[in-house]
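In: Need the 3D shape of this:
(2 chains)
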Amino acid sequence: MKIFKIFPLLLFVAFAFSTCDKVEAPYQTGFDCESGNQNVLIEDYTGHTCVNCPSAAVTAHDIKSNCEERVIVIAVHAGYFAEPLEGTDFDYDFRTPTGNIWNDYFGIVSNPNGLVNRMNNDGNYIIPPGQWAAEATKLLSQNAPVDIEINNEFNATDNKLKTTINANFIDALSGNYNLVVCITEDNIVKAQKNNNSSIGDVPEILDYEHMHVLRKVVSQQWGDQLFDGYVDAFESLSKSYEISFDGTDWNPENCNVVAFITNVSDKSVVQVNESAIVE
Amino acid sequence: MKRFKFIFLLLFLLTFGIKTVNSQISDLINRSEVHGSFEIDGQYYQADNALGITDSLLGGRKLGLNGFGNITYTLGKFSAGMRYEAYLTPIAGFDPALEGNGFPYLWAAYNDDNFSVTVGNFYEQFGSGFVLRTYEEWALGYDNSLNGVRVTYEPVKGLLFKAVYGTQRYFWDKFEKNDLGIVRGVDAEMNFNDLFKAMSNSKFRFVLGGSMVSKFQVDENPIYKLPENVASFAGRANIGYGKFNLSTEYAYKINDPSAINNYIYKEGQAFIASASYSTKGLGIFAQFKRIDNFSFRSDRDVTANALDISYLPPITESHTYALTSMYPYATQPNGEIGFQFQVNYKVPKKSKLGGKYGMGIEINYSQINDIVRNKVNDTTAINQKGTLGYTSDFLKFGDQIFWRDLHITINKKFSRKVKGIFQYMYQTYDIATIEGHPGEPEVNSHIAVADVTYKFTSTKSLRMEVQGLWTKEDMGDWAAVLLEYTISPHWFFSITDQYNYGNSVVADQTHYFSAAFGYTYKTTRFQFTYGRQREGIVCVGGVCRQVPAASGLSFAISTNF
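Out: Numbers count the residues shown, from 1 in each chain, chains lettered A, B, ... in the order given. The predicted structure follows:
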């Protein structure tokens, strides 16, 4: 009977020592960036008056810094928090027509939120920042049937970029696929609202460095057709675009071309790559 | 003859058997008890240009409806129950994730003299709730019930053990492997006055308790090493002597990086102490609380109002008048330190101040500040993701005041027909932190309330509230009036207006009119309200939800048996 009475106490002590994981520094592990060739596109839907967005940008940056060129980030400024506020430090308009269309189509109603390779779960594409890393790591270890090669030639004299995108197929692929080509820009110093003091001033960082900002979608909004049918392994398909930087405030030194191939049926990204305009 | 005997025997057995079964069914029905409660809250929305509510904003969703039905069946030591809920669509201000209907709460329990077991959904609280409190709050649309098993065991009177194991409710999501965290907890409590005969009649009362709760959630994060088992421990004591009482609890949680704390690895701590003294006509109450990085949820990535394992009890008074509750305090799980002090005094009858009926006076002061945070080293920013975050001195108050409330309430009966409640309040409210509006200045307001009731007859009375809120910040000054006529025990009729006359934007100097009536019959109550509802925050126990401005008809029907 005594044993019966002290049994709960023994259970209590055993439980206390078995259900506790104290993590010691260093707290960061590394991604497995070696296996697989599937690159990852993180679309960070953001806005300059969204106070939680700098934290999400840090999350995206952390993921990218682990696997560098295998993770590509596009910061899509769209929606309520991206609206310019005239007469304030937030009067700059980061929005793009295609960014707004994507924002509406994917049903982004609050920021920060994002997409990872435009994967969807029963039609829901939105993945909160806390889950980007987990989704990215699942994809990084997979093998994509195609690689993307980007060749940029920027002519400073006429302020024009010629970009050639080669899709080099590793495996045969059938279906209907589009190629989306975008220009993004890093290091744009403008105001940003913020509530994370570990990132910068709260509530506003007036000299915030905006990274990966979507500037223009050069192709059609859902991409130009790459092929509809069958492509054999080791074949290559190519598309070229010419973009003038005239009339823009883009700094070519900070700009990149991001190209990704999507499956037309569900918008999912098959492969993505990025290349600086000026090396 | 043999055949006749057989038929006779068969008839005898059938008659006897049916009688026995009938008797058993009758006995079963007599010993069974069924109880239940139902509630339906609805809101019909209409466009209202003054509030910025247009038909396109409503988007065709003109009716919101929240409802539940709760049934409990008891048969001796066995009991079982269920709750049906419907949010079709949720009333504006409730989490859209609630949309749907079904049975989120199903349970069965067996309660023996010193042992009980519950399977299915259940609510439980250890101590003050620091390490575990699951509960349902209909006004918030909040339910973090556990779905699993609970066992309680009382080997001797005064010694109680509890153990729980399960997953928490997350709106309508069904638990799937590695989807949500799993909660495990044990609690032990010793009541020395019950346990030891020598203390059974003692003026000295002593209760000691301890808990441990752990959650398991898989680590799928490739960047950070996240603890899959996060444990929290708490110890509590309740000491009483005569008219004095002191209750206190301290809780500690190991590293628990989460979306709420910006994924820092600092340990969490929570402490509360409440002391009280009461004697005839006088009550004194004091509280101190400190919270440091103590958000504890069964999913580290969730930021919505859901999946809390811990409950951080508020130490600010919960106000009920329209303007005194305009800026309610929401507990800050990442860090807060504060105190509350209250004196209640009843001025005796037939004294100069008390008059014929006496007078109640309540003075209450509460203040909550941020905690002090220091850098862990020169190269790490305070609260930097993936670090220890910060260090903090236990008893130091930070400079930032989240909340300050000084109020004086006088409760006075003037005659057999007239009585009144009068309140003055001075409040400081850090709207930037509490409502998440960085950059907005703190709101300092003076609030006054007069609540007078005139009794015409023993069943008919008229109550009038006049309120004013004066502030230079946020939406500026407000005035509110309410007239309520009651015919006891069945009817009430009321009209009210809240007027934001001091809004610096003239177009926003809006009247929020509404009219309501209600009818109560035994345990059933109907209420209808037509008019405007101002934007604001509703808090229960320091947990809050935002309420958008609305216009239209709302109704509530509730009953229980």
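In: Regarding the closest residue to chain A within chain B, what is its secondary structure?
Out: Residue of chain B nearest chain A, by Cβ to the nearest Cβ: B:Pro438 (2.8 Å). Where C-beta positions appear, they are placed from N, C-alpha and C, glycine not excepted. Assigned by DSSP: H, G, I helix; E, B strand; the rest coil, the conformation of B:Pro438 is coil.
In: Near residue 248, how many residues? Count them for me, please.
Out: All of this is about chain A. By other Cβ atoms under 10 Å in any protein chain shown, 15 other residues sit near A:Thr248.
In: oops, I was thinking of chain B
Out: Neighbour count of B:Thr248, defined by other Cβ under 10 Å: 17.
In: Checking my notes, it in a helix, right?
Out: No - looking at B:Thr248 with three-state DSSP, it is strand, so not inside a helix.
In: show me what contacts it?
Out: Taking Cβ atoms under 8 Å, 6 or more residues apart in numbering or on different chains, we find B:Thr248 in contact with B:Arg236, B:Ala237, B:Asn238, B:Phe271, B:Ile272, B:Ala273, B:Ser274.
In: For chain A, just list every one of the strands.
Out: With strands called from DSSP state E, chain A shows them at A:40-46, A:71-77, A:113-116, A:146-155, A:160-169, A:173-185, A:188-193, A:204-210, A:213-217, A:224-231, A:236-244, A:255-263, A:269-276.
In: what lines up beside the helix or strand where B:Ser211 lies in the sheet?
Out: Element membership for B:Ser211, per DSSP states H and E: strand B:204-216. Strand B:204-216 sits in its sheet next to strand B:182-191 (antiparallel), strand B:229-241 (antiparallel), going by DSSP bridges.
In: Can you point out the buried residues in it?
Out: Neighbour-count burial for strand B:204-216 flags B:Arg205, B:Phe206, B:Val207, B:Gly209, B:Gly210, B:Ser211, B:Met212, B:Val213, B:Ser214, B:Lys215, B:Phe216 (criterion: 16 or more other Cβ atoms under 10 Å in any protein chain shown).
In: And for stretch A:188-205?
Out: Within stretch A:188-205, the residues that count as buried by 16+ other Cβ under 10 Å are A:188, A:190-196, A:198-200, A:202, A:204-205.
In: With just CA atoms, put stretch A:36-54 into CSV.
Out: Taking Å, rounded to 0.1, in the frame of the first residue of the first chain, the C-alpha atoms of stretch A:36-54 are listed here in CSV:
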residue,chain,number,x,y,z
GLY,A,36,19.8,17.5,-54.3
ASN,A,37,19.9,20.2,-56.9
GLN,A,38,16.4,21.7,-56.3
ASN,A,39,16.8,25.4,-55.6
VAL,A,40,14.3,27.2,-53.5
LEU,A,41,12.4,30.4,-54.2
ILE,A,42,11.1,32.2,-51.1
GLU,A,43,8.6,34.9,-52.0
ASP,A,44,8.4,37.3,-49.0
TYR,A,45,5.2,39.3,-49.3
THR,A,46,6.0,42.4,-47.3
GLY,A,47,5.3,46.1,-46.9
HIS,A,48,7.2,49.1,-45.5
THR,A,49,4.6,49.9,-42.8
CYS,A,50,4.4,46.3,-41.6
VAL,A,51,6.1,46.3,-38.2
ASN,A,52,6.7,42.5,-38.2
CYS,A,53,8.2,42.4,-41.7
PRO,A,54,11.8,43.1,-40.8
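In: And the average pLDDT for it is what?
Out: Averaging pLDDT along stretch A:36-54 yields 94.
In: what do you get for stretch B:28-42?
Out: Mean pLDDT, stretch B:28-42: 91.
In: Mind listing what's buried along that stretch?
Out: The neighbour-count check on stretch B:28-42 (16+ other Cβ under 10 Å) flags B:Phe38, B:Glu39, B:Ile40, B:Asp41, B:Gly42 as buried.
In: close to chain A, is the longest strand that chain B contains?
Out: Looking across chain B with DSSP E, the single longest strand is strand B:397-413. No - figure legend: strand B:397-413 not in contact with chain A (Cβ under 8 Å from any Cβ of the partner chain); closest approach 11.2 Å.
In: contact partners of the next helix-or-strand element following that strand?
Out: Moving toward the C-terminus from strand B:397-413, the next helix or strand (DSSP H and E) is strand B:418-429. The contact list for strand B:418-429 (Cβ under 8 Å, 6+ apart) reads B:319, B:321, B:324, B:327, B:329, B:401, B:403-414, B:442-455.
In: Which among these count as buried?
Out: If we count by 16+ other Cβ under 10 Å, the contacts of strand B:418-429 have these buried: B:319, B:321, B:324, B:327, B:329, B:401, B:403-405, B:407, B:409, B:411-413, B:442-443, B:445, B:447, B:449, B:451-453, B:455.
In: Just give me the neighbour total for the residue nearest to B:Ala304 when sequence neighbours are not counted.
Out: Excluding the flanking residues, the one nearest B:Ala304 by Cβ to Cβ, 6 or more residues apart in numbering or on different chains is B:Asp95, at 6.4 Å. For B:Asp95, the neighbour count with other Cβ under 10 Å is 16.
In: ok, now which ones touch B:Asp95?
Out: Neighbours of B:Asp95 in contact, by Cβ under 8 Å, 6+ apart: B:Gly141, B:Phe171, B:Ala304, B:Asn305, B:Ala306, B:Arg545.
In: Alpha carbons of stretch B:224-233, as PDB, please.
Out: Output in PDB follows, covering the C-alpha atoms of stretch B:224-233 (Å, rounded to 0.1, in the frame of the first residue of the first chain):
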ATOM      1  CA  TYR B 224      18.300  26.400 -35.300                       C
ATOM      2  CA  LYS B 225      18.600  23.600 -32.800                       C
ATOM      3  CA  LEU B 226      15.300  23.700 -31.100                       C
ATOM      4  CA  PRO B 227      14.400  21.900 -27.900                       C
ATOM      5  CA  GLU B 228      11.900  19.200 -28.700                       C
ATOM      6  CA  ASN B 229      11.000  18.700 -25.000                       C
ATOM      7  CA  VAL B 230      10.400  22.000 -23.200                       C
ATOM      8  CA  ALA B 231       9.700  21.600 -19.500                       C
ATOM      9  CA  SER B 232       8.400  24.000 -17.000                       C
ATOM     10  CA  PHE B 233       8.400  23.700 -13.200                       C
END
